[in-house]
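In: What would the 3D arrangement of this be:
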Amino acid sequence: MDHARPQSVSHTSLSHTIMPPSTLSHTITPHSLPRVSAPLPSSGLSSASASPAVTAPYRGSYKPAPPALRAVFAARAAGVALTPRDMPPALVAHLHQHWAQVQLAMRPVSELHVAAWLKKLSLLVTNPPGADTAAAQCRAMFDVCQDIPAGAWCPDARLAWARQPPRNGYPTGARWPSPNELRTILLPFAQRIQQDAAGCRALLAFFPVSAPCVMRPASVPSGAPFSVPSGDPSSGHPAP
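Out: Numbering: from 1, shown residues only. Sure, this is the predicted structure:
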């Protein structure tokens, strides 16, 4: 691709054109509003398209599942038969907590979210778009990368671009990316979320996020001793 040559434009030009939102509303016209996000090919993230698009920057980087949970994901993906004893209550709690994080990270991104992310990227490169091209650049990035979920647009992804070593003497990480180059950087972050989502779904079929059922006798004969039924280990629920 042809890389744009560095321009003598201050970083504030992109900030003024893309942000703040009051300015953005004048530069991004209604025809460029976010479209329905398409899922990643064979990603299992298609359910994210039903969620509302993120209209504010995603806070912080997506944190992968803890090692113990990832080990269970790998075992399940390898076809190992799991029993409730393989998932102690603390690990089930981690599963439910991580699934909530995955659902947030899987939400489709909006053009406003992309604009906020690009504004911060402009501080890390030497040739950010000028005031006359910033809005068009934002729209092009969104068009190509809108299937990347919100959780992948994180600070770590910006650093991944900026920390690239030079290619054939060209300082790639110090220059503004093309839409395709940006998607290439974001894709591993999206795939990490995809893999955790698949692992969570496989386990949630056996350990759903719901309150444990409490068994109560239909009737107790007068004078008969009352006993509380013990928990069934196969149910995945503890004794009441």
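
In: Now do the helix or strand where A100 lies: which elements does it pack against?
Out: Here A100 sits within helix 89-105, counting by DSSP states H and E. Other helices and strands packing on helix 89-105, by 3 or more Cβ pairs under 8 Å, 6 or more residues apart in numbering; DSSP states H and E, are helix 67-77, helix 179-204. Every residue, glycine included, has its C-beta placed from N, CA and C.

In: tilt between that helix and helix 67-77?
Out: Orientation check (axes from the mean of the first three to the mean of the last three Cα atoms, to 10 degrees): helix 89-105 against helix 67-77 gives 80 degrees.

In: Using CSV, write out every CA atom in helix 89-105.
Out: What follows is helix 89-105, C-alpha atoms only, in CSV (Å, rounded to 0.1, in the frame of the first residue of the first chain):
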residue,chain,number,x,y,z
PRO,A,89,-18.3,-23.5,43.2
ALA,A,90,-15.5,-20.9,43.1
LEU,A,91,-14.7,-21.8,39.5
VAL,A,92,-18.4,-21.7,38.5
ALA,A,93,-18.6,-18.2,40.0
HIS,A,94,-15.6,-17.2,37.9
LEU,A,95,-17.3,-18.6,34.9
HIS,A,96,-20.5,-16.5,35.5
GLN,A,97,-18.4,-13.4,36.2
HIS,A,98,-16.3,-13.8,33.1
TRP,A,99,-19.4,-14.5,30.9
ALA,A,100,-20.7,-11.1,32.0
GLN,A,101,-17.4,-9.5,30.8
VAL,A,102,-17.5,-11.4,27.6
GLN,A,103,-21.1,-10.2,26.8
LEU,A,104,-20.0,-6.6,27.3
ALA,A,105,-16.9,-7.1,25.1
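
In: Tell me the pLDDT of the closest residue to L121 other than its chain neighbours.
Out: Leaving aside its chain neighbours, L121 sits nearest to R158 (5.1 Å; criterion: Cβ to Cβ, 6 or more residues apart in numbering). For R158, the pLDDT comes out at 96.
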